[in-house]
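3D model of this:
(one chain, ligands or ions: 1)
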Amino acid sequence: MKATSPLKKAYGRFKAIIFATVVFSFFSNLLMFVGPLYMLQVYDRVLASRNELTLLMISGIAVALLVTYGFLEFIRSKMLVRAGLQFDDMLANPAFNRVVRKQLLAPNSGAHTTLQDVDRVREFLTGQGILSFFDAPWVPLFLALCFLFHPWLGWVATAGALIIFVLALTNEFATRGLLQEAGTANMGAAHFVNTTVQNAEVIRALGMEKPLTDRWLKQHDNVLDAQARASGRAGAIMASTKFVRMSLQIAILGTGAYLAIQQQISPGIMIAASIVMGRALAPVEQAVGQWKQFVAARQAHKRLGEIFDNLGDEEQRMELPAPKGNLVVQNLIATAPGGKAPILKGISFNVNQGEVLAVIGPSGSGKSTLVRHLVGAMQPQSGAVRLEGTELHHWDSNQLGRYLGYMPQDVKLFRGTVSENIARFNENVADKEIVAAATLSGAHEMIATLSDGYDTDVGDGGNGLSGGQRQRVGLARAVFREPSLIVLDEPNSNLDAHGEQALANCIQELKKRGKTIVLVTHKANLLALSDKALMLVNGQIEKFGPTREIFAQQAQQQAQAKQAAEKKKAEAAAAESPAVVSMTDKPRA
Ligand SMILES: Nc1ncnc2c1ncn2[C@@H]1O[C@H](COP(=O)(O)OP(=O)(O)OP(=O)(O)O)[C@@H](O)[C@H]1O
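Next comes the predicted model:
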């Protein structure tokens with residue numbers, strides 16, 4: 001049986017509150033009759049009899065009922081606010097989880113907008129928009145009252161409600177497509193800006209502002225164009241609605257006055273009918289006014305439905321015993337997210353606990369793709385990556401994270417302090433654990449030189465630190481609580497000699513402590529620390545085995561190749577020399 005998605009559960013919880021709100025709406029709508037009824041009594045009873053006591057009494061009753069009305073309205077909106085908080089509470093966690101997973105599966109799809117979609121739906125469900133929809137079912141009641149006053153008044157009010165409703169529908173059909181187009185274009189443009197400004201340095205240094213602005217403006221113009229067309233149509237319809245609304249007031253008062261002249265109704269009924277019709281039209285008008293928000297919320301709801309349907313809840317996994325660090329990769333085939341051509345084409349190897357594996361190979365051969373699979377950041381298209389015999393995606397991802405250390409090629413830190421980053425933002429971490437990780441990675445002294453030491457704010461993405469400093473904090477984060485498997489992708493690319501030495505010491509120390517290490521590197525001093533080496537070429541294993549053997553083999557092959565080249569050169573020279581001799585020996589004519 002398919003599990004109910006968190007979105008459906010959240011809507012389900014909302015249903016009970018909606019039901020309660022509908023009940024409240026019933027009473028508060030009933031109390032809306034107070035105004036017209038009071039008016040009726042004043043006109044027809046008090047003014048006719050000139051009885052001040054009656055006026056006082058009915059005024060007292062009206063005020064009491066209006067206080068009740070205000071109270072009910074207050075409770076109704078409070079309930080919706082509470083429902084909104086609950087809705088958010090139920091969805092915030094799962095939505096964040098979907099953002100991370102969608103980002104891994106489709107990095108360019110603007111996954112972060114999912115959280116905005118949750119806000120959009122919540123705001124609609126708990127705002128004025130939904131209230132006007134709750135009030136809509138009471139429209140017939142107000143119309144019925146108009147009919148009770150006089151059938152003609154009933155017909156005028158009904159015709160008015162219908163015209164306004166038809167205008168709302170026209171608005172919907174005229175603007176739906178355009179608003180959708182504008183919404184999609186807006187998301188694309190916002191995503192473009194977000195990703196582009198992150199490279200502000202390059203934009204300024206390479207003078208790319210103009211071409212990039214032009215590109216953004218094109219997308220922005222599409223948004224404005226669609227919005228302007230939608231607003232143009234909606235504006236015309238809104239203007240018609242206002243005209244109809246005012247004309248209806250005249251129509252109902254005019255009809256009432258005529259009926260009063262004919263003595264079919266009292267002047268009190270004429271005024272009361274005008275108020276009642278106003279009440280009947282209000283929710284319809286409000287719904288028209290809320291249409292844009294409704295459409296936006298509906299689109300957000302659709303997108304949320306898709307993401308929650310496509311990415312179900314992650315299965316609750318059993319807590320497994322801590323892995324020792326034995327890694328097995330079996331026939332791993334991998335493609336880029338959304339891509340078809342394989343980047344890794346059937347990779348198999350194993351690394352045992354306490355071993356250091358060096359991954360080498362030319363640029364673009366698939367080294368980073370391989371190590372991303374080793375830490376579960378990418379899922380194999382086929383084949384398996386097993387830690388302690390269990391496939392990575394069978395581990396609970398939070399549990400697995402505790403046993404993995406990973407340092408990507410381009411280290412990004414998270415906004416927070418150095419110590420928070422090292423502690424992976426876990427709370428209740430003892431200071432000594434953070435210092436231990438920094439000491440193990442050799443970053444402790446470097447951190448002490450920062451303006452606020454461990455409390456230094458690293459800035460967005462760690463931009464407040466230099467590339468080398470970022471890399472060293474990244475290494476401390478990777479070795480925090482000494483995971484069983486540590487994967488380092490070009491860990492020395494930004495390091496100075498001191499940093500490189502610290503890295504080499506760290507690797508040696510981790511190895512001593514029985515940790516498994518996979519590192520992508522070409523540096524001879526790090527290669528010398530490895531037990532095994534794996535050479536990737538074009539997504540396939542060219543060589544795999546003990547590092548010494550691989551390099552001995554390589555040295556032998558290079559020596560053979562050199563010998564062969566020298567031999568070829570000598571042969572070529574020998575072949576050329578008789579010709580030279582024969583030319584020089586050629587007798588002059
Ligand atoms: N997200 C992606 N979308 C499409 N192709 C990708 C993606 N990531 C990697 N590739 C492709 O996969 C291949 C391997 O990339 P990868 O980054 O794994 O190589 P690498 O060996 O680590 O290179 P380098 O040494 O330059 O870091 C490259 O051809 C690259 O273009």
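
please count neighbours and contacts with C-alpha atoms only from this point.
Will do.

Glu482: which element?
Secondary structure from DSSP states H and E places Glu482 outside every helix and strand.

can you pull the pLDDT of it?
Note for Glu482: predicted pLDDT of 94.

count the residues that sit near it.
Other residues near Glu482 come to 22 when the count uses other Cα atoms under 10 Å.

and it, what does it touch?
Going by Cα atoms under 8 Å, 6 or more residues apart in numbering, Glu482 touches 403, 405, 437, 510, 515.

which of those residues lies closest to the ligand?
The nearest member of the contacts of Glu482 to the ligand, counting by Cα to the nearest ligand atom, is Gly405 at 17.9 Å.

out of the contacts of Glu482, who's nearest Pro483?
Nearest to Pro483, judged by Cα to Cα, of the contacts of Glu482 is Tyr403 at 4.2 Å.

what about the residue lying closest to that closest one once chain neighbours are set aside, neighbour count?
Ranked by Cα to Cα, 6 or more residues apart in numbering and with sequence neighbours excluded, the top spatial neighbour of Tyr403 is Pro483, at 4.2 Å. Counted with other Cα under 10 Å, the neighbours of Pro483 add up to 23.

tell me which helix or strand Arg13 sits in.
helix 6-31.

after that helix, which helix or strand is next?
Later in the chain than helix 6-31, the nearest helix or strand by DSSP H and E is helix 34-41.

quick check: what element follows that following helix along the chain?
According to DSSP H and E, the helix or strand after helix 34-41 is helix 47-49.

ok now that next one, how far from the chain's centre?
Relative to its parent chain, helix 47-49 has a centroid offset of 66 Å by Cα atoms, centre = their mean, to the nearest Å.

which residues are contacting that helix?
For helix 47-49, there are no external contacting residues (Cα under 8 Å, 6+ apart).

state the mean pLDDT of the next helix or strand after that helix.
Using DSSP H and E, the helix or strand that follows helix 47-49 towards the C-terminus is helix 52-105. Mean pLDDT, helix 52-105: 86.

in the stretch 351-500 of the chain, which spans are strands?
356-360, 382-387, 390-391, 404-407, 485-489 (DSSP state E, counting those that start in this stretch).

out of those, which is closest to Leu80?
Judged by Cα to Cα, the one of the strands of the stretch 351-500 of the chain that comes nearest to Leu80 is strand 404-407, at 43.5 Å.

contact partners for Leu488?
Going by Cα under 8 Å, 6+ apart, Leu488 touches 405-409, 517-520.

one step back: I'd say the residue nearest to Tyr403 and Leu400 touch.
No: counting by Cα atoms under 8 Å, Pro483 stays clear of Leu400, with 9.5 Å between them.

for the residue lying closest to Arg386 once chain neighbours are set aside, give me phi and psi.
Closest residue to Arg386 apart from its sequence neighbours, by Cα to Cα, 6+ apart: Val328 at 5.1 Å. Main-chain dihedrals, Val328, degrees, to the nearest 10: phi -130, psi 130.

show me what Val328 bridges to in the sheet.
Note on Val328: beta-bridge partners by DSSP bridges are Asn350, Arg386.

wait, it sits on Val351?
Yes: between Val328 and Val351 there is a contact under Cα under 8 Å: 6.5 Å.

quick check: domain ranges of this protein?
The record's domain split for the chain, according to the TED database, is 6-310, 327-554.

so is the last one next to the ligand?
Yes: counting by Cα under 6 Å from any ligand atom, the ligand is contacted by domain 327-554 at 336-337, 343, 362-369.

export those to TSV and tack on pLDDT, distance to Leu72 and neighbour count?
Formatted as TSV, those follow (pLDDT from 0 to 100; distance: Cα to Cα, whole Å; neighbours: other Cα atoms under 10 Å):
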residue	pLDDT	distance to Leu72	neighbour count
Ala336	86	56	17
Pro337	79	53	15
Ile343	94	63	20
Pro362	93	72	12
Ser363	93	68	11
Gly364	92	66	13
Ser365	94	68	19
Gly366	94	64	23
Lys367	95	65	26
Ser368	94	61	18
Thr369	95	60	18
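
nearest residue to the middle of this structure?
His112 (1.9 Å; Cα atoms, centre = their mean).

burial check on the closest residue to it other than its chain neighbours, number of neighbours?
Setting aside the residues directly before and after it, His112 is nearest to Val99 in space (Cα to Cα, 6+ apart), at 5.7 Å. Using other Cα under 10 Å, the number of residues around Val99 comes to 20.
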